[in-house]
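# Quick one: sequence plus predicted model below, questions after.
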Amino acid sequence: MDQTRPGSLGGVPIAFVLDVDGVMTDGRSVYTEAGKVQKVFGPDDHDALCLLRETLDIHFVSGDRRGFPISAARIERDMGFPIEAVSSIDRLAWIGARWSAEQVIYMGDGIYDHLVFRGVGYGICVADGDADARAEADYVTVRRGGDRAVAEACKHIMDLFFGGRQRFFEAAQVGRGPAVAGDWSSRATA
């Protein structure tokens, strides 16, 4: 089954904006009497994002006010990417204030994300995302949120917009590309 539909992206994308909860995580949170204390982030997503780091402006958004410190610790402190708290219903306006929305790839999963997909150049939804979001997305991953869906999306982006993923992997392997999360050499960023 072909899960790709043509998007409205005019030319080469300049930014990749990702929701955190339900995309980088499986969307679940752990609570104690102290409140929200834990989120689980999936494997490989950081490595794949590092491959695109020099090609796209990568930003994260989260509508989870109570869990924002947890998301910021992983995304900003550990991975080195910017993250902002942005309401789910304000995301398209937030994107439009920073970039030409037609040149943005947005990855989401939530009940308002189908509205964002309509306004950006290319929309990617995780396999377990909201039904309206999946229907409106240009690409739906095979993987679920928090289970390598972002890595899958990154490889899809490399293939669709940048002539294939092989050159990204080769550049990283010979040290000509960006440092990747699994790189323990002195050039590693996280």
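Structure received.

# what bits of the protein have low per-residue confidence?
The chain contains residues with pLDDT under 70 at 1-10, 174-190.

# For it, which segments are assigned as helices?
Secondary structure of the chain, counting by DSSP state H: helices at 45-52, 68-72, 91-96, 113-119, 131-136, 149-161, 166-173.

# Most tightly packed of these?
Using mean count of other Cβ atoms under 10 Å, the stretch among these with the greatest mean number of neighbours is helix 45-52 (a mean of 23). Every residue, glycine included, has its C-beta placed from N, CA and C.

# send the alpha carbons of that one over as CSV?
Written as CSV, here are the backbone C-alpha positions of helix 45-52 (Å, rounded to 0.1, in the frame of the first residue of the first chain):
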residue,chain,number,x,y,z
ASP,A,45,14.5,9.1,16.2
HIS,A,46,17.4,11.3,17.5
ASP,A,47,19.9,9.7,15.2
ALA,A,48,17.7,10.2,12.2
LEU,A,49,17.0,13.8,13.1
CYS,A,50,20.7,14.5,13.3
LEU,A,51,21.1,13.3,9.7
LEU,A,52,18.7,16.1,8.7
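
# Show me what that helix is packed up against.
Under the contact criterion of 3 or more Cβ pairs under 8 Å, 6 or more residues apart in numbering; DSSP states H and E, helix 45-52 touches helix 149-161, helix 166-173.

# Report all helices and strands that the shortest one contacts.
Based on contacts counted as 3+ Cβ pairs under 8 Å, 6+ apart, the elements that helix 166-173 packs against are helix 45-52.
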